[in-house]
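S.K.: Here is a sequence with its predicted model. Questions after.
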Amino acid sequence: MTWYIDQGPDSDVMISSRVRLARNLEQVPFPHRMDAQTARKAADEIVKAFFQDDTERKRHYLLVDLDSLSLEDRLALAEKRLISEDLAKAGDGSFHRAMISRDESVSIMINEEDHIRIQSMQPGLNLEQAFDGAKQAASILERELPVAYHEKYGYLTACPTNTGTGMRASVMAHLPGLAMGGRIKDTVDGLIKLGFAVRGHYGEHSKSQGNLFQISNQLTLGISEEDLINDLKRMLQQLIEQERGVRRELYRRQPLLLEDRVMRAFATLKSARLMTHEEATELLSTVRLGMALGLLPNLQPSDVNRIYALIGPASIQKAHGQAMTPAERDSARATAVRDLLERSGA
């Protein structure tokens, strides 16, 4: 079972946790300055250093030549957050690779913005375990490769804002209560003033859909990884209580209105014949809220998580093995959602 199907701590608000570590090879130009020969050599060295002759590691990780995949296949990986959208859309010929664990909890991107970008993901609010997974992969590579590191500034990265720890710790937060209560703008503004970054579902440059927000640290220099995680976690625990409080208050004030909204969303998911990706994520957000309030006792979080993972435009096309028009995708998406809900018994 892949990691994102499971539930984790506080997963009624914090859908998932991710820790990303950026590393670069010493004396090698950053990816945006590399020629093809250098990019190929760097990719080969990184892959060799990670796998070595470790049979168990080779069995646990899948090496993906991203340049050999179609754009739709790369975007499907991005929709599952296994690679970045920038890497998915990057042109061929730059020797882009990814090493992805079989349970999809750890992925190592090669020749993205940095030579190495390791990301480790866990369900719920579980930043410590996500960090452990990323650090373990980084340690393997750092033992075998000369990594660009400065005694004063820390790990050197292509973007100066990542220099230092090279770490971005983030969560995917589901905040329908704050959104419905008209408090989301003030909340986001407050988080930004405190020094945190708030982005949409797919990270930088993306907008929020389905009340999902990616919240991460911005500071990477002059502070340890553990302190960064602790600072982020303290803020998130306050945000969790705030979101839960608003949900309870909304339900106390207008129970029938909220129940009607949840049941209408659930009924639409079970019966619609056409459904855009944006509509599906909004309906699933409302259903997830209803589950947290105990209104849909027969529906399991794993069922909703499974639907989320399969409804992106590229994922729909990949499942059908062909390019599709928007209308064809909307029809296939609605069918997939109906089938998944029917199999869940909800």
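M.R.: Perfect, thanks for sending it. Numbers count the residues shown, from 1 in each chain.

S.K.: C-alpha from now on. contacts and neighbour counts both.
M.R.: OK.

S.K.: which residues are contacting the helix or strand Ala336 falls within?
M.R.: Ala336 belongs to helix 326-344 when elements are defined using DSSP states H and E. Here helix 326-344 makes contact (Cα atoms under 8 Å, 6 or more residues apart in numbering) with 269-277, 299, 303, 307, 311, 313, 316-317.

S.K.: chain center to whatever helix or strand Ile46 lives in, what's the gap?
M.R.: Using DSSP H and E, Ile46 sits within helix 36-51. In terms of Cα atoms, centre = their mean, to the nearest Å, the centre of helix 36-51 is set 25 Å apart from its chain centre.

S.K.: Can you name every helix or strand that it contacts?
M.R.: helix 127-144 (3 or more Cα pairs under 8 Å, 6 or more residues apart in numbering; DSSP states H and E).

S.K.: Show me which residues of the helix it packs on are buried.
M.R.: Neighbour counts using 16 or more other Cα atoms under 10 Å place 127-131, 133-135, 137-138, 141-142 of helix 127-144 among the buried residues.

S.K.: what lines up beside the helix or strand just after it in the sheet?
M.R.: Later in the chain than helix 127-144, the nearest helix or strand by DSSP H and E is strand 149-150. Using DSSP bridges, the strands paired with strand 149-150 are strand 154-155 (antiparallel).

S.K.: Make a markdown table from the buried residues of helix 127-144 and add pLDDT and distance to Met109 to it.
M.R.: Compiled in a markdown table, the buried residues of helix 127-144 are given as follows (pLDDT from 0 to 100; distance: Cα to Cα, whole Å):
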| residue | pLDDT | distance to Met109 |
| --- | --- | --- |
| Leu127 | 97 | 20 |
| Glu128 | 97 | 21 |
| Gln129 | 96 | 20 |
| Ala130 | 97 | 16 |
| Phe131 | 97 | 16 |
| Gly133 | 97 | 15 |
| Ala134 | 97 | 12 |
| Lys135 | 97 | 15 |
| Ala137 | 97 | 12 |
| Ala138 | 97 | 12 |
| Leu141 | 97 | 13 |
| Glu142 | 96 | 15 |
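
S.K.: can you put these in a markdown table and add distance to Thr325?
M.R.: Output for these, formatted as a markdown table (distance: Cα to Cα, whole Å):
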| residue | distance to Thr325 |
| --- | --- |
| Leu127 | 39 |
| Glu128 | 42 |
| Gln129 | 40 |
| Ala130 | 37 |
| Phe131 | 40 |
| Gly133 | 39 |
| Ala134 | 38 |
| Lys135 | 42 |
| Ala137 | 40 |
| Ala138 | 41 |
| Leu141 | 42 |
| Glu142 | 45 |
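
S.K.: Let me know the closest of the residues you listed to Phe51.
M.R.: Distances from Phe51 to the buried residues of helix 127-144, taken as Cα to Cα, are shortest for Leu141 (9.3 Å).

S.K.: So Gln7, which state does it fall into?
M.R.: Secondary structure assignment for Gln7 (DSSP: H, G, I helix; E, B strand; the rest coil): coil.

S.K.: related to what we said a few turns ago, which one among the buried residues of helix 127-144 gets closest to Arg199?
M.R.: Checking these against Arg199 by Cα to Cα gives Leu127 as the nearest, at 17.9 Å.

S.K.: now the closest one, nearest residue through space, not along the chain?
M.R.: Ser17 (5.6 Å; Cα to Cα, 6 or more residues apart in numbering).

S.K.: Mind checking what secondary structure that neighbour has?
M.R.: Following three-state DSSP, Ser17 is assigned to strand.

S.K.: Then Glu278?
M.R.: helix.

S.K.: circling back to that earlier point, of all the buried residues of helix 127-144, which comes closest to Ala36?
M.R.: Of all the buried residues of helix 127-144, Ala36 sits closest to Leu141, with 22.1 Å by Cα to Cα.

S.K.: ok, the closest one touching Val47?
M.R.: No: if you go by Cα atoms under 8 Å, Leu141 and Val47 don't touch, sitting 9.2 Å apart.

S.K.: Model confidence score at the residue most central in space within the chain, please.
M.R.: Residue closest to the mean C-alpha point of the chain, counted by Cα atoms, centre = their mean, is Arg81 at 4.4 Å. Confidence at Arg81, expressed as pLDDT, is 91.

S.K.: so it sits in a helix?
M.R.: No: assessed with three-state DSSP, Arg81 is coil; it does not lie in a helix.

S.K.: All further residue positions should be reported with the first residue as 584.
M.R.: Sounds good: first residue 584 from here, last item Arg664.

S.K.: domain assignment for this structure?
M.R.: Following automatic domain parsing, one finds the domains of the chain at 586-827, 838-927.

S.K.: Report the distance from the first one to the chain centre.
M.R.: For domain 586-827, the separation from the chain centroid amounts to 8 Å (computed by Cα atoms, centre = their mean).

S.K.: what's the answer for the last one, then?
M.R.: Computed by Cα atoms, centre = their mean, the separation of domain 838-927 from the middle of its chain amounts to 19 Å.

S.K.: All the strands of the protein, residue numbers only.
M.R.: 597-606, 644-648, 680-684, 689-693, 699-706, 732-733, 737-738, 750-757, 779-782, 795-800 (DSSP state E).

S.K.: And Asn709, how far from Val829?
M.R.: Asn709 sits at a distance of 23 Å from Val829 (criterion: Cα to Cα, to the nearest Å).
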